[in-house]
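> quick one, what's the 3D model for this:
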Amino acid sequence: MEPKISVAQYNKLCETQLPFAKAMGLELESISTDCVTMRAHYSEAFLRPGGTISGPVMMALADAAMYALVLSRIGPVELAVTTNLSINFLRKPNPGDLLAEARMLKLGKRLAVGEVSLYSDGQSIEESVAHVTSTYSIPPQS
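Residues are numbered from 1 along each chain as shown. Here you go, the predicted structure:
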């Protein structure tokens, strides 16, 4: 099955409707209906005391990746919104780009549930720095 939104379409949507994504250095790298890969380009502004990448940056990356995954299945629906996001921080990320790999667990008519693994660039996904589960609400079709 082909995704209902392309990388270019998602990036354009971010430019026009989600300017914070660009400001945070988030970039969609690949999209399919099975998996989305997104990158947060490293910035020293991401760091919290102790020299680690802050939790809010990791949450934003995971949420944006999940949003792209949902849109890959349902198309560019503006009012698909996060209803839950739970994150487990597993280890300290390396200073550098972070990657998110999002996968759908269940897509229903009203809810989409997925998981996102976050890992440092140059590391394998098996060395994830955080594991996220997320639920999106899908608006009813008009």
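
> just the helices in the chain please.
For the chain, applying DSSP state H gives helices covering 7-17, 19-23, 55-74.

> how many neighbours does the nearest residue to residue 18 once chain neighbours are set aside have?
The shortest distance from residue 18 to any residue other than its chain neighbours is 7.6 Å, reached at residue 64 (CB to CB, 6 or more residues apart in numbering). No exception for glycine: its C-beta is placed from N, CA and C like everyone else's. Neighbour count for residue 64, taken as other CB atoms under 10 Å: 25.

> who are the contact partners of residue 64?
14, 18, 21, 26, 28, 38, 100 (CB atoms under 8 Å, 6 or more residues apart in numbering).

> now do the same contact list for the first one.
Same thing as residue 14. With contact taken as CB under 8 Å, 6+ apart, residue 14 is in contact with 21-22, 26, 28, 64.

> what subset of those is buried?
21, 26, 28, 64 (16 or more other CB atoms under 10 Å).

> what's the weakest-modelled helix or strand in the protein?
helix 19-23 (a mean of 86; mean pLDDT, DSSP states H and E).
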